[in-house]
Structures are given as C-alpha cells and as structure tokens.
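S.K.: Structure for the following, please:
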Amino acid sequence: MKKILFIATASISLFACTPKTAEITEKVEPSFPNEDVAMGDKLYVENCGKCHGLKTVTDYTPEQWKKIVPNMAAKAKIDSDAENKILQYVLWKTENK
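M.R.: Below is the predicted model:
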C-alpha cells in the first residue's frame, strides 16, 4: 500500500512540476469597410463605456440603434459627427454579425 501511495505521490509531483506552455495567439484587428466605421468603433468604446458597460451591439436591431444612439449622444453631449460615426458602426456591426 505504501508503495502505491509513494508512486501516486511521485507521479503527481512530476506532473505538477512540468512547465506550463501557453498557446500564442495573434490579436486580430477587425476589418472595417471604411474609416468612419472604424472611428465609430473607437468612439463607441471611448464614449459609450464611460457611464455604463458597453452593450453587445448585436443584441439590438438597427431600428433600436437608430433611437438609442441619438438619445445617448444628446445625454453624453457627443457632437453630430461623432454620433453619426457611432451610428454607422453599430448599424454595420448589426448587419455583419
């Protein structure tokens, strides 16, 4: 019995001391159709995450976003250019799930 316990303990110790290997993954940057949509992504992250957690864009329909973005832009005092880019981004994202 002691022999089995010794072998089990030695085996566990051996596996516990082996080096851990991590899988190396490349960060893939999203591919946007144009600069306005790319800027909209950046503006969405920077502005919409300040007051509340970022919403998953695809949880809402384009019709919902067309109401949400103007309302939130007014509350956050986001200018119309930034608002338009954010709207372009969320609409593009919902259409390209």
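S.K.: so how far is stretch 26-40 from its chain's centroid?
M.R.: 13 Å (Cα atoms, centre = their mean, to the nearest Å).
S.K.: Where does pLDDT dip in this protein?
M.R.: 1-22, 24, 27-29 (pLDDT under 70).
S.K.: Which parts of it are helices?
M.R.: For the chain, helices defined by DSSP state H occupy the ranges 2-16, 35-43, 49-51, 62-76, 80-95.
S.K.: Adding distance to Glu23 and mean neighbour count, write these out as JSON lines.
M.R.: For the C-beta atoms, the positions are set from N, CA and C on the backbone; glycine is no exception. Below are the helices of the chain laid out as JSON lines (distance: least, Cβ to Cβ, whole Å; neighbours: other Cβ atoms under 10 Å):
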{"stretch": "helix 2-16", "distance to Glu23": "19", "mean neighbour count": "9"}
{"stretch": "helix 35-43", "distance to Glu23": "26", "mean neighbour count": "18"}
{"stretch": "helix 49-51", "distance to Glu23": "28", "mean neighbour count": "10"}
{"stretch": "helix 62-76", "distance to Glu23": "35", "mean neighbour count": "14"}
{"stretch": "helix 80-95", "distance to Glu23": "28", "mean neighbour count": "19"}
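S.K.: okay, those helices in JSON lines with distance to Thr25 next?
M.R.: Below are the helices of the chain laid out as JSON lines (distance: least, Cβ to Cβ, whole Å):
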{"stretch": "helix 2-16", "distance to Thr25": "25"}
{"stretch": "helix 35-43", "distance to Thr25": "21"}
{"stretch": "helix 49-51", "distance to Thr25": "24"}
{"stretch": "helix 62-76", "distance to Thr25": "31"}
{"stretch": "helix 80-95", "distance to Thr25": "22"}
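S.K.: Thanks a lot, catch you later.
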